[in-house]
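>>> Make a model of this:
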Amino acid sequence: MTNINPAFAAGQETALIDPKLAMGWMHTARFLTTAAQLHQLPEITVPEIAFVGRSNAGKSTSINTLTQQKQLAFASKKPGRTQHINLFSLGKQGVTDAVLADLPGYGYAAVSRSDKQRWQQVMLNYLIQRESLTAVVLLCDPRLGLTELDEALLDALRPRVAQGLKFLVLLTKADKLTRAEQAKVLSITKLNAGGGEVRLFSALKKQGVDDVAQLLWHWCHPEGLAPATPAPAADAPAADSASPRNTA
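As a prediction, this is how the structure comes out:
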């Protein structure tokens, strides 16, 4: 029987799964494939959660902290330069019941304008067209707040959110703020998020880790513990097999 935590998350109506089970599920994450174009991604029949955000927002660190793996998502030494979508499967060995999609960071000044425009279009197409996309995690440095690029991304998501797409604004590096500052930015971001979930998160202090893992588990298992499906083949055509699977 599934062990259920009687605690309730803010804004949620159902009891949360035991955080240990949620964290154990996140720990099963393993590399699936990488692609530079939307058409190169394999078809996915299980829930898919995309992680997006500005370069240097702490996306790779957050993914590694949630999955308890130091180098699952590899942070490039040149933020914003990596231009691949990386997929990671979740579930017991040999089966997949969810997929994490790590999208390249955006907004980094050192990237050429043409590269920015090209990748903005790829990401927009992904967010609008990807049928298996179930939820989006937007990572944001709370010291900067939601930028124009972040707000543009949320605007692009609104039609899909109206159709049931889940989204979470993850305020990373929360340890760099005082408690009063955390409370203030959390309140402001909730007002600007337009109905999405908002969480404070610190990889260093492990703040919010259990809470986010529980939320993602429930988004991928709305009916509880459902049978997993066979993992999709990892030999989908990749843009450049020699390219490292770095993430910005």
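>>> Every contact and neighbour count from this point should use C-alpha atoms.
Noted.
>>> how about the strands in this structure?
Secondary structure of the chain (DSSP state E): strands at 4-5, 16-17, 30-35, 48-53, 74-75, 85-90, 95-96, 98-102, 133-140, 166-171, 197-200, 229-230, 246-247.
>>> buried set for the lengthiest helix in the chain?
Secondary structure of the chain per DSSP state H: the longest helix is helix 113-129. For helix 113-129, burial by neighbour count (16 or more other C-alpha atoms under 10 Å) applies to 116, 119-120, 122-123, 126-127.
>>> Over to stretch 210-223?
210-221.
>>> Which of these fall in helices?
Using DSSP H, the buried residues of stretch 210-223 in helices are 210-220.
>>> Can you name the residues that contact the spatially most central residue of the chain?
Centroid-nearest residue in the chain, with C-alpha atoms, centre = their mean: residue 51, separated by 2.5 Å. Applying C-alpha atoms under 8 Å, 6 or more residues apart in numbering, we find residue 51 in contact with 59, 100-103, 136-139.
>>> Test my guess that residue 156 contacts residue 125.
No - using C-alpha atoms under 8 Å, residue 156 is not in contact with residue 125; the gap is 9.9 Å.
>>> could the strands of the chain be laid out in TSV, adding distance to residue 152 and mean pLDDT?
Listed next are those as TSV, based on distance: least, C-alpha to C-alpha, whole Å; pLDDT from 0 to 100:
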stretch	distance to residue 152	mean pLDDT
strand 4-5	36	34
strand 16-17	31	80
strand 30-35	24	93
strand 48-53	12	96
strand 74-75	24	66
strand 85-90	20	94
strand 95-96	32	89
strand 98-102	19	96
strand 133-140	12	96
strand 166-171	14	96
strand 197-200	17	96
strand 229-230	35	49
strand 246-247	21	44
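>>> CSV for these, including distance to residue 178?
Shown next, in CSV, are these (distance: least, C-alpha to C-alpha, whole Å):
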stretch, distance to residue 178
strand 4-5, 29
strand 16-17, 28
strand 30-35, 35
strand 48-53, 23
strand 74-75, 27
strand 85-90, 34
strand 95-96, 40
strand 98-102, 29
strand 133-140, 17
strand 166-171, 14
strand 197-200, 12
strand 229-230, 44
strand 246-247, 29
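>>> Done for today, thanks.
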